[in-house]
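S.K.: Dropping a prediction and its sequence here:
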Amino acid sequence: MNIFKINPSFSERVWGGQKLNSMGYNIPKDKKIGEAWVISAHENGMGFAAEGIWKGKSVKEIFESNRTLFGNVQGSFPLLVKILTPEQNLSVQVHPNDELAKKHNDFGKPESWYVLDCPDNAKLIYGHTAKTKKELAEMIEKDQWKELLVEVPVKKGDFLYVPPGKIHAVTPNVVVYELQRSSDITYRVYDYGRLENGKPRKLHIEDTIVSTTVPDTNIAIINNATKLIHSNEYFSLYLYETSKETKPFKLIEKTGWLQITVIEGTGKINGVDYILGDCSIACDLNESSSLDITGNLKVLISWIKL
Ligand code: ZN
């Protein structure tokens, strides 16, 4: 097995600030940083190996030059992990499914959130009330956002799966670990009338109406999510807490590589020191590969089922 830590990429956002510091990231000062792309091979925020035989190389290059060590998965690196620390509302948005994303020569974007921190009584925008596409179009046209958008209460430790076609938005001070397909196709339907450099950001009303699932899909929230939190054809997610588990983490599903993110504490993984915010990839796995996680750590581990 080969484990290497990754240096993240930071993105300035109109809704960002300096809060990523509290999640263990040393971000540029005086900038509105909203996102850390912590495990990424996407051109819009590339990750680079921080150590090991591939030190300094991009995750994209490592993956594409060593496919046999990554389960022989073809195509571009399929996953993206971000930490979001919004200080204002994110735009209300929806992502297309695979079929509708074809016009961009890209894949659809299933996404998911694990809530790392949030204020009391926090709510996320997660779904809509329209019964027909016509009703959806009319409510958007008439700016009936209060009636249209569904808000769900969330607490630290909740997990929400956001399938393509689900209208959603993260709200101020809800810090999330976001695991998603590595695709950057977002249709923005409402941006709270904000200006960026004096202009409103572009909206994608037509694409939103076509892409949104109507009537809405069910609400899928897991409270106090732990151990194997989620597993479908797009990605799996596991929360390992040293306070609750005594055995090393073993592969539960066949996969080509594991993605590791420390969300709390300090400790060691396979003998190497890890602190809050550290992220790594473990590849070159076999059936007996395991992660020996010790100390006082909470670690989110993600992968794709092969
Ligand atoms: Zn999204």
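M.R.: Cool, got the structure.

S.K.: Can you show me the helices along the stretch 101-250 of the chain?
M.R.: Under the criterion DSSP state H, counting those that start in this stretch, the stretch 101-250 of the chain contains helices at 133-141, 145-148, 205-211.

S.K.: Of all these, which one is nearest Gln93?
M.R.: Gln93 lies closest, by Cβ to Cβ, to one member of the helices of the stretch 101-250 of the chain: helix 205-211, at 7.9 Å. C-beta coordinates here come from the backbone N, C-alpha and C atoms, glycine included.

S.K.: buried ones in that closest one?
M.R.: Neighbour counts over helix 205-211 (16 or more other Cβ atoms under 10 Å) mark 207-209, 211 as buried.

S.K.: and what of stretch 82-96?
M.R.: Residues of stretch 82-96 classed as buried: 82-86, 88-96 (neighbour count, 16+ other Cβ under 10 Å).

S.K.: any low-confidence regions in the stretch 151-300 of the chain?
M.R.: By pLDDT under 70, the stretch 151-300 of the chain has no low-scoring segment.

S.K.: For the residue sitting nearest the centre point of the chain, give the beta-bridge partners.
M.R.: For the chain, the residue sitting closest to the mean C-alpha position, by Cα atoms, centre = their mean, is Glu178 at 1.9 Å. Beta bridges link Glu178 to Lys82, Trp113, judged by DSSP bridges.

S.K.: and it, how far is that from Asp143?
M.R.: Distance of Glu178 to Asp143, given as Cβ to Cβ, to the nearest Å: 28 Å.

S.K.: before we move on, what about Ile167?
M.R.: Separation of Ile167 from Asp143 (Cβ to Cβ) stands at 15 Å.

S.K.: quick one, which of those two is more surrounded?
M.R.: Ranked by neighbour count (other Cβ atoms under 10 Å), Ile167 and Asp143 place Ile167 first, with 27 against 11.

S.K.: Would you check how far apart the more buried one and Ile140 are?
M.R.: According to Cβ to Cβ, Ile167 stands 10 Å off from Ile140.

S.K.: ditto for Tyr126
M.R.: Look at Tyr126 and Ile140: by Cβ to Cβ, they are 17 Å apart.

S.K.: swap in Asp191?
M.R.: Using Cβ to Cβ, we find Asp191 at a distance of 13 Å from Ile140.

S.K.: Of all pairs in the buried residues of stretch 82-96, which one spans the longest distance?
M.R.: Pairwise distances across the buried residues of stretch 82-96 peak at 26.3 Å for Thr85 and Pro96 (criterion: Cβ to Cβ).

S.K.: So Ile27 belongs to a strand, correct?
M.R.: No - counting by DSSP: H, G, I helix; E, B strand; the rest coil, Ile27 is located in no strand; its state is coil.

S.K.: Report how many residues lie close to it.
M.R.: 18.

S.K.: cool, Ile221 as well?
M.R.: Using other Cβ under 10 Å: Ile221 sits among 18 other residues.

S.K.: got the contact list for it?
M.R.: 126, 152, 154, 158-160 (Cβ atoms under 8 Å, 6 or more residues apart in numbering).

S.K.: make it 10 Å
M.R.: Ile221 sits next to 113, 115, 124, 126, 152-155, 158-161 when contact means Cβ atoms under 10 Å, 6 or more residues apart in numbering.

S.K.: Columns distance to Trp257 and neighbour count on top of these, output as TSV?
M.R.: As requested, those are exported to TSV (distance: Cβ to Cβ, whole Å; neighbours: other Cβ atoms under 10 Å):
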residue	distance to Trp257	neighbour count
Trp113	22	25
Val115	25	22
Leu124	29	24
Tyr126	30	23
Val152	32	15
Pro153	35	11
Val154	30	23
Lys155	31	13
Asp158	27	21
Phe159	22	23
Leu160	25	22
Tyr161	22	22
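
S.K.: Specify which member of those residues is nearest to Asn72.
M.R.: Asn72 lies nearest to Tyr161 out of the contacts of Ile221, by Cβ to Cβ, at 27.1 Å.

S.K.: one step back: quickly list what's touching both of Asp191 and Ile140.
M.R.: Contact criterion Cβ under 10 Å, 6+ apart; residues shared by Asp191 and Ile140: 92, 203.

S.K.: Give me the common contacts of Ile167 and Ile140.
M.R.: Joint contacts of Ile167 and Ile140 (Cβ under 10 Å, 6+ apart) are 92, 128, 130, 148, 189-190, 208, 212.
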